[in-house]
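A.B. asks: sequence isn't available, so here's the structure alone:
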């Protein structure tokens, strides 16, 4: 099942069901108006939404209309929780290698996660508004899941069972604000502005065999200013699967329905070619490209994003069709 | 105006208007069912809620009933944002002095804030459920505000104008989980379980002259296991006022209606008595008491909380009446 939220001038938008091929959509009015409402009572609403999805795919939904990602808000335009992991340890290793710092051993058994702001998400085609280019504007391409209710002390298996929907995310980061902010010791705040999500959120079954062991075994495509820069495989190198991330969150608290959990920047290890390391899959954030340049050449050569830059993040199934629709954003100044 | 949320088995509860003296209440049904709904369209709903408040105070509300704080959820049982400051620098100085670490100069101009979890708040009389006493269970008594919409780049004055409601908070902290978590660099997560809020949220005018310069000029009372341990003045020593905290949040993002912003642990400077420092106002968290003991005697003597311990947090107006009702919680093990 594929779900999206259409802009209607309200804070939470209107829930729509989207066809598997992303060609058509249908308002879920009469079932549930908002995605959070469906998540709050998933066992009641999801079968009804699924019936509409089946009818839509069969061309039998009576008021279907062409689906337009530009009309989408984030599937959850605001949420009660956005917890973002850094589950691809290769990303952490690379960024640390560039500053000649080792990865602590505990990072291999204890997931890195931060609590993000969730009161104001961006739609997939909304501008990324930043007050200044000097903040070091970067994208971060990620996978994210939306959970149901999870009890305190849940196991990774229980965490995995709670996954209701998957999305793609652009966890916009302001790199030059990060060092001072992290030095204060309380984590990210100003360095993590509003996050954007893919046009549609999909149930795990839509991924078929690509959803295995709590990981999405498909490449994540990043296109920066029209140039393909990343096609990292999101699967095998995800050190902690989503069930583990959710269990980490639930150690000392309940996790409630509609919580969004991010994977962190999708990242792949280098390969050795004639004694030199290469990263043929590219990168899912510019900071990583700069870290690669620093490791190879002693200093970064790639600049961060400028106003007017575009970033497109997408994932295709093994049949070549877009699964979530594309995040497709432009960087823009604050008026 | 005073507002509360009554338990009704749902995730968001039922909005009630509470009389100024906290003796009676009235469902806001017919105006707005949930507090978030009122915050989303405050200019429309608040005059209607205020009319009901006036009638209730005059004994003219037709279906008033006795107000019972034990029936309350947090005024916002879940929220789209919980951002907690550490705006009483004395607290930071004291905790750092105990570990012989100086406060960086930037802390005097740049507020410390962290992004907290907001998907699952505790009602004022709900148990604080913790998996293990060994986590170092502590209370933190704070003031919190709920905001309206704030544009990106807002000034402190705009931030202050956005304050809709005030509450008290118990920002429960698991002290022994903090060092490892902060060492990872991404801020708090497991060390900050669900936060509790006072029975009622009040509009700033309810504070009269005690609300000045974005600060609440009244003592915050903390009673641990029936013993009064804190009566710190929340006013003059709040280094950053709420407008400054909100402007800090809005530097790189919009802050949306219903965001909760905390002051951090209310804390007062020591006084000199015969060459020795004393803290006659007591403390608003046990970590601070332990820091005082460490500064004076070289080591902490007070233990953190045990299962069965109680904590009561309250604030009284200059007339001696409770303003927000009391947070009154018991520490309990996870079943």
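C.D. replies: Thanks, I have it. All values reported here derive from a predicted model rather than from experimental measurement. Numbers count the residues shown, from 1 in each chain, chains lettered A, B, ... in the order given.
A.B. asks: where does chain A have low pLDDT?
C.D. replies: In the prediction, chain A carries no residues with pLDDT under 70.
A.B. asks: need the residues that contact the biggest helix by length in it.
C.D. replies: Using DSSP state H, we find that the single longest helix of chain A is helix A:42-57. By CB atoms under 8 Å, 6 or more residues apart in numbering or on different chains, the residues outside helix A:42-57 that reach it are A:1-3, A:17-20, A:24-26, A:28, A:31-32, A:37-38, A:61, A:64, A:148, A:164, A:203, A:257. C-beta coordinates here come from the backbone N, C-alpha and C atoms, glycine included.
A.B. asks: next helix or strand past that helix?
C.D. replies: Counting by DSSP states H and E, the next helix or strand C-terminal to helix A:42-57 is strand A:65-66.
A.B. asks: make sure residue A:207 is actually in contact with residue A:234.
C.D. replies: No - Residue A:207 is not in contact with residue A:234 according to CB atoms under 8 Å; the separation is 10.6 Å.
A.B. asks: more neighbours: these two, which one.
C.D. replies: Using other CB atoms under 10 Å in any protein chain shown, the more surrounded residue of residue A:207 and residue A:234 is residue A:234, with 25 against 18.
A.B. asks: so the more buried one makes contact with residue A:214?
C.D. replies: No - if you go by CB under 8 Å, residue A:234 and residue A:214 don't touch, sitting 11.5 Å apart.
A.B. asks: neighbours of the residue in chain A that chain B sits nearest to, just the number please.
C.D. replies: Closest contact between chain A and chain B, by CB to the nearest CB, is at residue A:187 (2.0 Å). Residue A:187 has 24 neighbours, counted by other CB under 10 Å.
A.B. asks: chain center to stretch A:320-331: distance?
C.D. replies: 11 Å (CA atoms, centre = their mean, to the nearest Å).
A.B. asks: out of the contacts of helix A:42-57, which are inside strands?
C.D. replies: A:2-3, A:17-18, A:24-26, A:164 (DSSP state E).
A.B. asks: need the max-distance pair from those residues.
C.D. replies: A:24 and A:164 (22.7 Å; CB to CB).
A.B. asks: the more surrounded of the two?
C.D. replies: residue A:164 (21 against 18).
A.B. asks: who touches the more buried one in this structure?
C.D. replies: So residue A:164 contacts A:39, A:42, A:46, A:145-148, A:203, A:257 (CB under 8 Å, 6+ apart).
A.B. asks: go with 7 Å
C.D. replies: Going by CB atoms under 7 Å, 6 or more residues apart in numbering or on different chains, residue A:164 touches A:39, A:42, A:146-148.
A.B. asks: residue A:191 too?
C.D. replies: Counted by CB under 7 Å, 6+ apart, residue A:191 has contacts A:173-174, A:177-178, A:181.
A.B. asks: out of those, which sit inside strands?
C.D. replies: Per DSSP E, the subset of the contacts of residue A:191 in strands is A:173-174.
A.B. asks: in chain A, what residue sits furthest out from the centroid?
C.D. replies: residue A:274 (34.8 Å; CA atoms, centre = their mean).
A.B. asks: drop anything exposed from the ones in strands among the contacts of helix A:42-57.
C.D. replies: Among the ones in strands among the contacts of helix A:42-57, those scoring as buried are A:2-3, A:17-18, A:24-26, A:164 (criterion: 16 or more other CB atoms under 10 Å in any protein chain shown).
A.B. asks: what residues does the stretch 101-250 of chain A put near chain B?
C.D. replies: A:112-120, A:129-131, A:152-153, A:174, A:182, A:184-190, A:193-194 (CB under 7 Å from any CB of the partner chain).
A.B. asks: take those and keep only those in strands.
C.D. replies: A:113-116, A:129-130, A:174.
A.B. asks: helices along the stretch 101-250 of chain A, start to end?
C.D. replies: With helices called from DSSP state H, counting those that start in this stretch, the stretch 101-250 of chain A shows them at A:156-161, A:178-183, A:242-249.
A.B. asks: residue A:294: which of those helices is closest?
C.D. replies: It's helix A:178-183; of those, that one is closest to residue A:294 (CB to CB) at 15.0 Å.
A.B. asks: list the buried residues in that closest one.
C.D. replies: Those would be A:178, A:181-182, for helix A:178-183 by 16+ other CB under 10 Å.
A.B. asks: tell me the one among the residues you listed nearest to residue B:295.
C.D. replies: Nearest member of those to residue B:295, counting by CB to CB, is residue A:182, at 27.7 Å.
A.B. asks: would you agree the closest one is in contact with residue B:185?
C.D. replies: Yes - the criterion here is CB atoms under 7 Å, and residue A:182 meets it with residue B:185 at 5.4 Å.
A.B. asks: if the residue lying closest to residue A:328 once chain neighbours are set aside is in a bridge, with which residues?
C.D. replies: Among residues not flanking residue A:328 along the chain, residue A:312 sits closest, at 4.8 Å (CB to CB, 6 or more residues apart in numbering or on different chains). Applying DSSP bridges to residue A:312 gives these bridge partners: residue A:223, residue A:328.
A.B. asks: same check on residue A:27?
C.D. replies: residue A:16.
A.B. asks: quick check: it vs residue A:4, distance?
C.D. replies: As judged by CB to CB, to the nearest Å, residue A:27 and residue A:4 stand 11 Å apart.
A.B. asks: what does residue A:146 give?
C.D. replies: 13 Å.
A.B. asks: could you count how many residues lie near residue A:225?
C.D. replies: Residue A:225 has 12 nearby residues by other CB under 10 Å.
A.B. asks: contacts only, for it.
C.D. replies: With CB under 7 Å, 6+ apart, residue A:225 has these contacts: A:309-310.
A.B. asks: may I have the phi/psi pair for it?
C.D. replies: phi 50, psi 40 (degrees, to the nearest 10).
A.B. asks: same check, this time on residue A:330
C.D. replies: Here residue A:330 shows phi and psi, under degrees, to the nearest 10, equal to phi -120, psi 140.
A.B. asks: what's the spacing between it and residue A:13?
C.D. replies: Residue A:330 is 21 Å from residue A:13, by CB to CB.
A.B. asks: list residues touching both of residue A:207 and residue A:234?
C.D. replies: residue A:216.
A.B. asks: contacts for stretch A:292-312?
C.D. replies: Against stretch A:292-312 from outside (CB under 7 Å, 6+ apart): A:94, A:97-98, A:133, A:136-139, A:170, A:175, A:223-225, A:279, A:286, A:289-290, A:326-333.
A.B. asks: of the residues you listed, just the buried ones, PyMOL syntax please.
C.D. replies: Buried subset of the contacts of stretch A:292-312, written as a PyMOL selection, criterion 16+ other CB under 10 Å:
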select buried, chain A and resi 94+98+133+136+137+138+139+170+175+223+224+279+286+289+290+326+327+328+329+331
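A.B. asks: for residue A:287, give me its contacts.
C.D. replies: A:95, A:138, A:175.
A.B. asks: assign it to helix, strand or coil.
C.D. replies: Recorded secondary structure, residue A:287: helix (DSSP: H, G, I helix; E, B strand; the rest coil).
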